[in-house]
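Engineer: Quick check, what structure comes out for this input:
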Amino acid sequence: MIPNVDEASTSQNVFNKCLEGAFFDASTSFHDPSNVHTFYQPYPNEKKWTKDHPLYKIIGDPKSSVRTRGKLANSCLFSCLLSSIEPANMAEALRDTDWVSAMQEELDQFARLKVWRLVPRPEGKTIIKTKWIFKNKKDESSLVIRNKARLVAVGYSQQEGIDYDETFAPVARIEAIRLFLAYAAHKDFTVYQMDVKTAFLNGILKEEVYVGQPPGFVNTQYPDHMYVLDKALYGLKQAPRAWYDVLSQFLIDIGFQKVPTPMVEQDKLKLDLVGKPVDHTDYRSMIASLMYVTSSRPDIMFATCMCARYQANPNEHNVSAIKRISHYLKGTINLGLWYSKDSGFDLTAYSDADHAGCHLDRKSTSGSVQFLGDKLVCWSSKKQNSVSISTTES
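Structural biologist: Below you'll find the model as predicted:
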C-alpha cells in the first residue's frame, strides 16, 4: 500500500522508548508534507518523446485526445452488444442473435461478390458440404470487438482430377520481405500493412464445383437445390491458387513482369549414427522452430542447418546440440536485425566454405551473406553435394 502524504503529519514513533531521555518526550513527531519530494529516474532502455517529431510522419490524428476511463465507457457499451462466448455447434449459434447477425453478414458478402448461384441438384456431381466456423476477434486488451462467422467448404472430401486440378499457395520469400524493408528504410518510406477482407472469395474458379446450402440458412422454397460456385470458397483445395491467379493478372496489367525463380534444393539426410535414439517427431518439431527463428537470426543459421542433417536418425547428442542453441537464444533474446537509413545501398556479397568440414562424409559446407549498404538482407548455409579435393574447389 502506498501511504498518503497528506496523512503524514502524525505518524507513530517506533523509537519512543529510546528517546525518553531526549529533550522532548512525545509519542508523535510532526512532518512538513512540503519536504516530501518524489524523484523518478527512467530506465536506460526507456525512450524519450520529443515535441519536435515531424507531424507528417505520425500515422493517425495527433490532435486526438488520450482515451481515459470515461471514454472507455463507449468501448464497454459496444462490447455489451457482442457475444463473448464462441458457440460449440450450430444449434448454440442459432440461439444467439449476435452470431446470427455475424452469419448473415458473411452471406451478404457472398451476395455482394457474386460467389455462387442457386441451381437444381445436378446428377453425377459431387456435392461438397459446408460448415460454419465461429471465432471472437479481440483487440490488444483481449476485449471482444467482433463476432466473426465464416462459411467454409469441407475441402477434404474433394478428389484430385475431379474437383480440382492444381493447388498452389502464394507465399512471399523472407528474403524479399527483408529486401523491401531495407529499401524502405534507405529511402525513408512509410510502410503500410493491409489485409484484404475475404480475399479468397475474389478468386475465379476454373472447375465446376457444387456445394450444399449453408446450415441454418436453407432456402425454404428450394430446399433440395445446391449452389454452384463462380468464385472460390475458403476450404477448397484450389482457393489459394484461384486468388493468386487474380492477383497475378492484376500485377501484370499494371506493368509488372514475371521472372523465373530457381527452386531451393533440399537434400534428404540418411545417416545412421551410434547413440540412444529419440522421437523423430519431437526432433523435427524443434528443428522447424529453429528454422523459423533463422529468418531474423543469421547467427544460428549454420548451427541449425548442422542439426537438421540428423533428422533421419536423431539421438540424444543431437538433442543436446539443439538445447544449446535454445540456451544461446535465451541469453541473446534482444539481438536482431537493424536497418538504418543513413547508409548506402550498394550490394555487397560475401561467401566462404570450409574444406571437408563434415567428419562423416568429408563434404564441405558453403555459406554466403548479402548486404545492401550495411543492411543484411540474405544469408545461407548449405552442405555441398560432392566431395571437394582442395580448398580452392570447395
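Engineer: quick one: the helices in the stretch 101-250 of the chain?
Structural biologist: 174-186, 239-253 (DSSP state H, counting those that start in this stretch).
Engineer: From W116, how far off is I128?
Structural biologist: 12 Å (CB to CB, to the nearest Å). For the C-beta atoms, the positions are set from N, CA and C on the backbone; glycine is no exception.
Engineer: What's the separation between the residue nearest to P170 when sequence neighbours are not counted and P298?
Structural biologist: Spatial nearest neighbour of P170, excluding adjacent residues (CB to CB, 6 or more residues apart in numbering): Y244 at 4.3 Å. Distance, Y244 to P298, by CB to CB: 30 Å.
Engineer: Please name the residues that touch the nearest residue to V152 once chain neighbours are set aside.
Structural biologist: Residue nearest to V152 in three dimensions, not counting chain neighbours: G235, with 3.7 Å by CB to CB, 6+ apart. G235 makes contacts with 152-155, as judged by CB atoms under 8 Å, 6 or more residues apart in numbering.
Engineer: about what we covered before: wait, isn't the residue nearest to P170 in contact with A172?
Structural biologist: No - the criterion here is CB atoms under 8 Å, and Y244 misses it with A172 at 11.6 Å.
Engineer: In terms of neighbours, single out the busier of these two.
Structural biologist: Legend: neighbour count by other CB atoms under 10 Å for Y244 and A172, higher for Y244 (15 against 8).
Engineer: Give me the pLDDT value at the residue nearest to V152.
Structural biologist: G235 is assigned a pLDDT of 84 by the prediction.
Engineer: try P260
Structural biologist: 53.
Engineer: what does L329 give?
Structural biologist: 87.
Engineer: How much space separates it from K197?
Structural biologist: Taken as CB to CB, the span from L329 to K197 is 36 Å.
Engineer: And these two? Which one has more around it.
Structural biologist: Neighbour count, other CB under 10 Å: between L329 and K197, L329 has more, with 15 against 8.
Engineer: Can you name the residues that contact the residue lying closest to L94 once chain neighbours are set aside?
Structural biologist: Setting aside the residues directly before and after it, L94 is nearest to G216 in space (CB to CB, 6+ apart), at 5.4 Å. Taking CB under 8 Å, 6+ apart as the criterion, G216 is in contact with 90, 93-94, 103, 132.
Engineer: which parts of stretch 193-206 are buried?
Structural biologist: 200-203, 205 (16 or more other CB atoms under 10 Å).
Engineer: try stretch 126-146
Structural biologist: 128, 130, 132, 134, 136, 144.
Engineer: Looking at these, spot the one nearest C305.
Structural biologist: Checking the buried residues of stretch 126-146 against C305 with CB to CB, the nearest one is N136 at 40.1 Å.
Engineer: Quick check: beta-bridge partners of that closest one?
Structural biologist: N147 (DSSP bridges).
Engineer: Would you check that my belief about it contacting S84 is correct?
Structural biologist: Yes - contact status for N136 versus S84: in contact at 6.8 Å, counting by CB under 8 Å.
Engineer: which residues touch T198?
Structural biologist: Listed by CB under 8 Å, 6+ apart, the contact set of T198 reads 109, 113.
Engineer: now what about stretch 105-117, what contacts it?
Structural biologist: Under CB under 8 Å, 6+ apart, the answer for stretch 105-117 is 149-151, 198, 201-202, 211, 214, 217, 227-231, 233.
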